[in-house]
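[1] Build the 3D model from these lines:
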Amino acid sequence: MKIQILQADITTVKVAAIVNAANSSLLGGGGVDGAIHRKGGSEILEACKKIRARQGKCKTGDAVITTAGKLPSSYVIHTVGPVWNTGGKDKEERLANCYTNSLNLAIEHNIKTIAFPNISTGIYKFPKQLAAEIALKTIAAYEHKNTIDELYFCCFDQENYEIYHELLKNENT
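    Okay, the predicted model is just below:
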C-alpha cells in the first residue's frame, strides 16, 4: 500500500472513497463533515437517514458507507471519532477503531484508493501529534493493507500536514 500525504480539501480528492469525520447523528455538522454533506449534496444525507432508520446513530469508532453524491469519489465512509476532553486510552483505541473499521468497509467494497481526513483533531480536540501517531500505527498494523493500492492522509491545515510529513519521513529513515 502506497501512503501519501496531501494538503488539500478532501472533497476535491479523486479516489474511490473518502472518509468523513462524522458525528454520531450522521446528519452533517461542522468541519469536514459539513463540507462533505454540502458539496456531496442531498444523496449523502438521504443515504445517512436510511442508515439511521435501520441502526440508529453511529457509535464512536464505528463506520458506515454511503454514496459520494456529487463528490469526485464513489463512496463516503463515515466514521465517528472520539471527543478528546480529558483523553485516555479508551479514546486512543476508539480513534484506532475509526481507521480499522473504515478500512474494513473499503475492503468489503473492493475499494483500492482511499483518503482520510485528520479524524477528531478539529472541534473534537484530539491532540494532533497523538492522532497522527495512532493513524499511522493503525494503518501500518492493518492486516489487509495489501488489498488497498493507495491511501492518502488529506490534511486541511499546515500543522497536520507537517506532523504527518515528519512522522512518515522518520518512519522511512
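[2] Which other helices and strands does the biggest helix by length in the chain contact?
    Once the chain is assigned using DSSP state H, the helix that runs over the most residues is helix 89-108. For helix 89-108, the helices and strands in contact under the criterion 3 or more CB pairs under 8 Å, 6 or more residues apart in numbering; DSSP states H and E are strand 63-67, strand 75-80, strand 113-116, helix 128-141. C-beta coordinates here come from the backbone N, C-alpha and C atoms, glycine included.
[3] And that helix, how far out from the chain middle?
    Here the centre of mass of C-alpha atoms in helix 89-108, compared against the chain's by CA atoms, centre = their mean, to the nearest Å, lies 9 Å away.
[4] again with stretch 98-118
    Relative to the mean C-alpha coordinate of its chain, stretch 98-118 is positioned 8 Å out (CA atoms, centre = their mean).
[5] Grab the CA positions of it and hand them over as PDB.
    Taking only C-alpha atoms (Å, rounded to 0.1, in the frame of the first residue of the first chain), the coordinates of stretch 98-118 have been written out as PDB:
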ATOM      1  CA  CYS A  98     -12.100   4.600  13.200                       C
ATOM      2  CA  TYR A  99      -9.200   3.700  10.900                       C
ATOM      3  CA  THR A 100      -9.600  -0.100  11.200                       C
ATOM      4  CA  ASN A 101     -13.400  -0.100  10.600                       C
ATOM      5  CA  SER A 102     -13.100   2.300   7.700                       C
ATOM      6  CA  LEU A 103     -10.500   0.100   6.100                       C
ATOM      7  CA  ASN A 104     -12.700  -3.000   6.700                       C
ATOM      8  CA  LEU A 105     -15.500  -1.300   4.800                       C
ATOM      9  CA  ALA A 106     -13.100  -0.300   2.000                       C
ATOM     10  CA  ILE A 107     -12.100  -4.000   1.600                       C
ATOM     11  CA  GLU A 108     -15.700  -5.200   1.700                       C
ATOM     12  CA  HIS A 109     -16.500  -2.800  -1.200                       C
ATOM     13  CA  ASN A 110     -13.300  -3.600  -3.200                       C
ATOM     14  CA  ILE A 111     -12.000   0.000  -2.800                       C
ATOM     15  CA  LYS A 112      -8.400   0.400  -3.900                       C
ATOM     16  CA  THR A 113      -7.900   4.100  -3.200                       C
ATOM     17  CA  ILE A 114      -9.000   5.900   0.000                       C
ATOM     18  CA  ALA A 115      -8.400   9.300   1.600                       C
ATOM     19  CA  PHE A 116      -8.600  10.000   5.300                       C
ATOM     20  CA  PRO A 117      -9.000  13.400   7.000                       C
ATOM     21  CA  ASN A 118      -7.400  14.100  10.300                       C
END
